[in-house]
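> return a 3D structure for these sequence lines:
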Amino acid sequence: MSTASIFIPPDEISELVKDTTSNDFLSLFGNGDEDYGLCPYVSFYIYHDLDASLDLANKVIDIIHEFTQLVDEPLQKFFRSSTENWLALDGEKLPFDPRMEAKKLLEDERDFIFGATEHNVISATPLWAIHGVVEYDPYTEYSAVKMVFRHRWYNQNKERWHQFVNSCIERLQPEHCYSGFEVSSGPLGIMGNYEAETLERVLADYFYGLDIDHQLFMYYHTHEEPDRPAMPSSLGAGIRTPTWCFMLSPYWLNKLGKTENQVRAELDHPDITITAFPYPKSNHNPEGINGLWIQLGELDLHPVGKGKPELLVKANELIKSIRCDELSLTSLDTWADDPNPRFDVLSGVKWMRRFDKHSDWLYQRVKTSPVPEGIFVAKPGEDVPKGGLWFSPALGNPSSARYFEQGQQLPVEKTSVYGDEVIWYWVDDDDIVE
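So this is what the prediction gives:
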């Protein structure tokens, strides 16, 4: 795409949102070859000593092999770290030994970087992909593993997938771990992607359940030390706002100042599952307490028209004191006349705080009655299909939420950051917190 033109026209945003909400499969936007869309993922950030790098690399290679046994579409490309190029795969057999590759790289004091995808284009959103890095020197960076998985396959194989993820947690013992929906830009997305970041910012206005996981730009400065403060824009400073599954490792439980029993009491809900995983004693876990893998109900995008999701609000309240509000949500620099919306420092902080009681992300809401099913979308000049409060994210502030009667004509606004017109969304709110 040209970064001087609009990537997603307003009328196409509404269609993409409707398709994504209504379909049990990936809804994509792009030029056909490099399409982007929302898909489920899981990522692991591992804190380890220098002498554990090779052992971790071997565990990662085992996980890559197991991942290939799950996919229902063959992986087509694999990244070879030593030559820094992508190789076409012929079945499951690699033209090199990844264990020997990892060993040599780490002995040469180089990182072991890996990636595989079922898509021909490594920057596009895949159905299946795995990528990450095992750091040679993990002093200031996490090692990381990320997997994108197929939504339709997951809905038919939930137990099998969760058993696999639990097995990965047991072996990797991650300091951070997240799972949910994201805009994936494939294995190449580890280096940043303008189109994917534009789509993230657009869809963040319509889905509370969107997560953002830019591995390479979130894992710096793994832990705060006396001689090394954590970067406030990295996961070393705190955890992300949960959107589905997340890990409370012993390090962050200690930072939170709560015991496992206290966490279980605060998250006591029939739709919340908490699984304890043993973690070894260490400088950051002197008592050898468990890590807690927390699942907040079912995998869901949580459209804004259905209101703030109760379980996500509940989890956010628990972790708010250790939340990383200043986490960097973009990997590429912005500029003053950028025509496409993307996160900046101000909007990023607001988005991280979107589940707080008095959040001013999009609008302030007081839930006074059960929220009906469905999302209603209308263009300027059209008749209002359902009476109530309507909001246009393109206007960019809570005061743009306005009440319209059914049959009333929606106004044509000319101040949109997306173009000449805006798209209106029904948000089912009768009350606004000033």
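
> pairing partners for the longest strand along the chain, with directions?
Among all segments of the chain classified by DSSP state E, the strand with the greatest residue count is strand 35-46. Using DSSP bridges, the strands paired with strand 35-46 in its sheet are strand 28-30 (antiparallel), strand 143-148 (antiparallel), strand 176-184 (antiparallel).

> return the member of those having the minimum mean pLDDT.
Among those, strand 28-30 carries the lowest mean pLDDT, at a mean of 65.

> so which residues of the stretch 301-434 of the chain form helices?
Assignment of helices within the stretch 301-434 of the chain using DSSP state H, counting those that start in this stretch yields the ranges 310-319, 345-352.

> pick the most buried one from those helices.
Of all these, helix 310-319 carries the top mean neighbour count, a mean of 19, counting by mean count of other Cβ atoms under 10 Å. For every residue, glycine as well, the C-beta is placed using N, CA and C.

> got the angle between that one and strand 176-184?
Here the directions of helix 310-319 and strand 176-184 differ by 130 degrees (axes from the mean of the first three to the mean of the last three Cα atoms, to 10 degrees).

> so who does Ser233 touch?
324, 326-328 (Cβ atoms under 8 Å, 6 or more residues apart in numbering).

> now that we have those residues, which one has the most neighbours?
For the contacts of Ser233, the largest number of neighbours (other Cβ atoms under 10 Å) sits with Leu327, at 25 neighbours.

> so that one sits right up against Ala230, yeah?
No. With the criterion set as Cβ atoms under 8 Å, Leu327 and Ala230 do not qualify as a contacting pair; they are 11.4 Å apart.

> what is in contact with the two at once?
The overlap between the contact sets of Leu327 and Ala230 (Cβ under 8 Å, 6+ apart) consists of Ala237.

> just the helices in the stretch 151-300 of the chain please.
For the stretch 151-300 of the chain, the helices defined by DSSP H, counting those that start in this stretch cover 151-156, 158-172, 194-203, 250-256, 260-266.

> give me the nearest residue to Gly387, chain neighbours excluded.
Nearest residue to Gly387, sequence neighbours excluded (Cβ to Cβ, 6 or more residues apart in numbering): Gln406, at 4.0 Å.

> report how many residues lie close to that neighbour.
Gln406 has 10 neighbours, counted by other Cβ under 10 Å.

> quick one: low-confidence parts of the stretch 301-434 of the chain?
In the prediction, the stretch 301-434 of the chain carries residues with pLDDT under 70 at positions 332-337, 362-377, 392-400, 413-423, 427-434.

> helix or strand right after the longest strand of the chain?
Past strand 35-46, heading to the C-terminal end, the next element that is a helix or strand (DSSP states H and E) is helix 53-70.

> name the helices or strands packed onto that next one?
Under the contact definition 3 or more Cβ pairs under 8 Å, 6 or more residues apart in numbering; DSSP states H and E, helix 53-70 sits against helix 98-107, strand 112-117, strand 129-134, strand 143-148, helix 158-172.

> how about the helices of the stretch 301-434 of the chain in a markdown table, adding distance to Asn120?
What follows is those, written out as a markdown table (distance: least, Cβ to Cβ, whole Å):
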| stretch | distance to Asn120 |
| --- | --- |
| helix 310-319 | 35 |
| helix 345-352 | 32 |
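
> how about those, which one is nearest Arg264?
Distances from Arg264 to each of those were compared using Cβ to Cβ; the minimum, 10.7 Å, belongs to helix 310-319.

> measure the nearest residue to Gly381 once chain neighbours are set aside to Lys379 for me?
Of all residues beyond its chain neighbours, the one nearest Gly381 is Val412 (5.5 Å), with distances taken as Cβ to Cβ, 6+ apart. Per Cβ to Cβ, to the nearest Å, Val412 is found 9 Å from Lys379.

> again, but for Ser81
49 Å.

> Arg99: what's it in contact with?
Here Arg99 is in contact with 57-58, 61 (Cβ under 8 Å, 6+ apart).

> can you check Ala116 too?
Each residue near Ala116 by Cβ under 8 Å, 6+ apart is listed here: 64, 68, 75, 77-79, 89, 129-131, 187.

> hmm, 10 Å instead?
By Cβ atoms under 10 Å, 6 or more residues apart in numbering, the contact set of Ala116 is 64, 67-68, 71, 75-79, 86-87, 89, 94, 122, 126, 128-131, 147, 187.

> returning to that earlier point: pick out whichever of Ser81 and Lys379 has more residues nearby.
Ser81 (20 against 14).

> how about the nearest residue to that one once chain neighbours are set aside: which residues does it bridge to?
The spatial neighbour of Ser81 that comes closest, neighbours along the chain excluded (Cβ to Cβ, 6+ apart), is Ile113 at 4.4 Å. Here Ile113 shows beta-bridge partners Val133, assigned using DSSP bridges.

> ok, Ile113 to Asp62 distance?
In this structure, Ile113 and Asp62 are separated by 17 Å, where distance is defined by Cβ to Cβ.

> residue contacts, the residue nearest to Cys324 when sequence neighbours are not counted?
Nearest-residue entry for Cys324: Gly238, 3.3 Å, with adjacent residues in sequence omitted and distances by Cβ to Cβ, 6+ apart. With Cβ under 10 Å, 6+ apart as the criterion, the residues that contact Gly238 are 176, 230, 232, 252, 255, 319-327, 352.

> what's the burial count for Asp383?
Residues within reach of Asp383, counting by other Cβ under 10 Å, total 11.

> offset the numbering so it begins at 42, please.
Noted, 42 is the first residue going forward, which turns the last one into Asp424.

> that one against Gly448, yeah?
Yes. Applying Cβ atoms under 10 Å, one finds Asp424 in contact with Gly448, separated by 5.4 Å.

> more neighbours: which of Ile154 and Asp103?
Here Ile154 and Asp103 are compared on neighbour count by other Cβ under 10 Å; more neighbours surround Ile154, at 19 against 14.

> that one contacts Leu147, correct?
No. Judged on Cβ under 10 Å, Ile154 makes no contact with Leu147 at a distance of 11.5 Å.

> anything in contact with each of the two?
Shared contacts of Ile154 and Leu147, defined by Cβ under 10 Å, 6+ apart, comprise 175-176.

> which SS state does Ala165 fall under?
Using DSSP: H, G, I helix; E, B strand; the rest coil, the structure places Ala165 in coil.
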